[in-house]
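1. Build me a structure from this.
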Amino acid sequence: MIFNLVALFVAFASSVLTIKILLPLAPHVGLVDLPNERKRHDGAIPLIGGISIFTGVLIASTLFVSQSQIINLYLISSALIVFIGTLDDIYDLSVVSRIVFQGIVASILVFGAGKYISDFGSLLGGDSLNIGTYGMIFTIVAVITAINAFNMVDGIDGLAGSMSIITIASIAILTILNNPSSDILLPMLIVVSTIPYLFYNVSTRNPRGKKIFMGDAGSMYMGLTVIWLLTLGSQAPSGEISAFRPVTALWLIAVPLMDMFAIMYRRISKGESPFKADNGHLHHICLSVGMTSRQALWFISALAILFAVIGIAGDFYKIAEWKMLLGFIALFATYTRVLLRFCVIKPKIKTEHIA
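-> Predicted coordinates:
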């Protein structure tokens, strides 16, 4: 117990120290977010949140987490995605180059760690649906999807960080519920390392001029981390029991996933690029109906918690997987309908960070 508390303290302190070191350096290397027609904030905001989170996780996990090939490959892939995200923050990489790099990073999970999503559980109500080695391709697509889902949801202060904490904490809860002796130190280190970023990004007590953003480095890192944990938790080695069922993963990542697919569907249906930035995300809808940025954050976070609780309860009480899937499909259809109904409303800008 004391060992784990020390580990969490080291993760928190390392994240804080990284922020303090990088704050004065960020403007000199171009690692700042400048306001434009879509981003309504004051001045150049350092994009160092993601680097601080990863640094906290890296230092604490190296010192306190039992080393294994899986952990080492996770840290290597995380370092690469943070590096790519940082380059994107500075140089604004093209969509194609980002996806290529993300595919390369995804290959570390599939071909390096040998972990991929092939068993989808009893989604059809009978035997388990297993796609075998085709799962390698599916997992690479899933990694790219998760990375971009969290990247797209990072539109108002605190949102990407909150979505990440909710999903990762839910994974830890499910892991403990299904196996009380499981080690959940790594996901807890990630959660704790994210807290300093949220303070500097959201807190009204934050000293003036010290605000930071997560940046693409952070949102991409959180997306990669979530899909790693979901893959490891839902795909157990032969002869072992997984921490949770595959369908449960949909509920744990519901808000970022639905927001991305719904907005891409709307863009494609209008003949636009699915990666074209616009003001049609869920947080924009919240702002368009009169919510403040802080109210939108609380509302969307409450939705994410609700969906996660449904997923956890469904997994714990062993509700039929096909029922959980149908419920998610119904939720997604409703969400898409609402998005198509309200996305035409011009948002009332009430936040310092709109993307």
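2. Tyr134 versus the residue of the chain most remote from its centre, what's the distance?
-> Taking C-alpha atoms, centre = their mean, the residue of the chain most remote from its mean C-alpha position is Gly126, at 31.7 Å. From Gly126 across to Tyr134, the span is 19 Å (C-beta to C-beta, to the nearest Å). (Each C-beta comes from the backbone N, C-alpha and C, glycine too.)
3. what do you get for Pro237?
-> According to C-beta to C-beta, Pro237 and Tyr134 sit 19 Å apart.
4. hmm, back to that, could you look up the SS state of the residue farthest from the centre of the chain?
-> The local conformation at Gly126, judged by DSSP: H, G, I helix; E, B strand; the rest coil, is coil.
5. Tell me the predicted confidence for it.
-> Among the per-residue scores, Gly126 shows a pLDDT of 77.
6. So what does it have for phi and psi?
-> Dihedral angles of Gly126 (phi, psi; degrees, to the nearest 10) stand at phi -120, psi -130.
7. likewise Pro180?
-> Here is the backbone geometry of Pro180 (degrees, to the nearest 10): phi -60, psi -20.
8. From Ser288, how far out is it?
-> Distance from Pro180 to Ser288, by C-beta to C-beta: 45 Å.
9. Which one's more surrounded, the two?
-> Ser288 (19 against 7; other C-beta atoms under 10 Å).
10. where does this protein dip in pLDDT?
-> 35-43, 204-209, 342-355 (pLDDT under 70).
11. Which residue ranges of it form helices?
-> Remark: helices assigned in the chain by DSSP state H are 2-22, 26-29, 49-64, 69-91, 95-107, 134-153, 159-178, 185-202, 215-234, 246-252, 254-269, 282-288, 293-316, 321-342.
12. In JSON lines: those, plus distance to Ile117.
-> Listed next are those as JSON lines, based on distance: least, C-beta to C-beta, whole Å:
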{"stretch": "helix 2-22", "distance to Ile117": "28"}
{"stretch": "helix 26-29", "distance to Ile117": "37"}
{"stretch": "helix 49-64", "distance to Ile117": "23"}
{"stretch": "helix 69-91", "distance to Ile117": "15"}
{"stretch": "helix 95-107", "distance to Ile117": "11"}
{"stretch": "helix 134-153", "distance to Ile117": "5"}
{"stretch": "helix 159-178", "distance to Ile117": "15"}
{"stretch": "helix 185-202", "distance to Ile117": "18"}
{"stretch": "helix 215-234", "distance to Ile117": "6"}
{"stretch": "helix 246-252", "distance to Ile117": "7"}
{"stretch": "helix 254-269", "distance to Ile117": "14"}
{"stretch": "helix 282-288", "distance to Ile117": "26"}
{"stretch": "helix 293-316", "distance to Ile117": "16"}
{"stretch": "helix 321-342", "distance to Ile117": "15"}
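13. Of those, which is nearest Ala113?
-> The closest of those to Ala113 is helix 69-91. By C-beta to C-beta, the value is 4.7 Å.
14. chain center to the closest one: distance?
-> Offset of helix 69-91 from its chain centre (C-alpha atoms, centre = their mean, to the nearest Å): 14 Å.
15. Could you double-check that Met291 sits in contact with Ile300?
-> No. Look at Met291 against Ile300 with C-beta atoms under 8 Å: they stay out of range, at 9.6 Å.
16. Give me the more crowded residue out of those two.
-> Legend: neighbour count by other C-beta under 10 Å for Met291 and Ile300, higher for Ile300 (26 against 21).
17. give the contact list for the nearest residue to Ile70 once chain neighbours are set aside.
-> What sits nearest to Ile70 in space, not counting adjacent residues and going by C-beta to C-beta, 6 or more residues apart in numbering, is Ala113, at 5.5 Å. Residues near Ala113 by C-beta atoms under 8 Å, 6 or more residues apart in numbering: 69-70, 73-74.
18. Check Val110 too.
-> Contacts of Val110 (C-beta under 8 Å, 6+ apart): 116, 136, 139-140.
19. neighbour-wise, which of these leads?
-> Highest neighbour count within the contacts of Val110: Tyr116, with 24 neighbours (other C-beta under 10 Å).
20. ok, it to Leu229 distance?
-> Distance of Tyr116 to Leu229, given as C-beta to C-beta: 14 Å.
21. so how far is Arg98 from the residue nearest the centre of the chain?
-> Centroid-nearest residue in the chain, with C-alpha atoms, centre = their mean: Gly223, separated by 3.6 Å. Per C-beta to C-beta, Gly223 is found 12 Å from Arg98.
22. again, but for Thr145
-> 13 Å.
23. between those two, who's got more neighbours?
-> Each of Thr145 and Arg98 has its neighbours counted (other C-beta under 10 Å); Arg98 has more, 22 against 19.
24. In contact with the closest residue to that one other than its chain neighbours, which residues?
-> Closest residue in space to Arg98, ignoring its immediate chain neighbours: Asp88 at 6.2 Å, by C-beta to C-beta, 6+ apart. Listed by C-beta under 8 Å, 6+ apart, the contact partners of Asp88 are 98, 216-217, 220.
25. Run the chain-centre distance for stretch 97-113.
-> 17 Å.
26. Likewise for stretch 269-278?
-> Its chain's C-alpha centre and that of stretch 269-278 lie 22 Å apart, by C-alpha atoms, centre = their mean.
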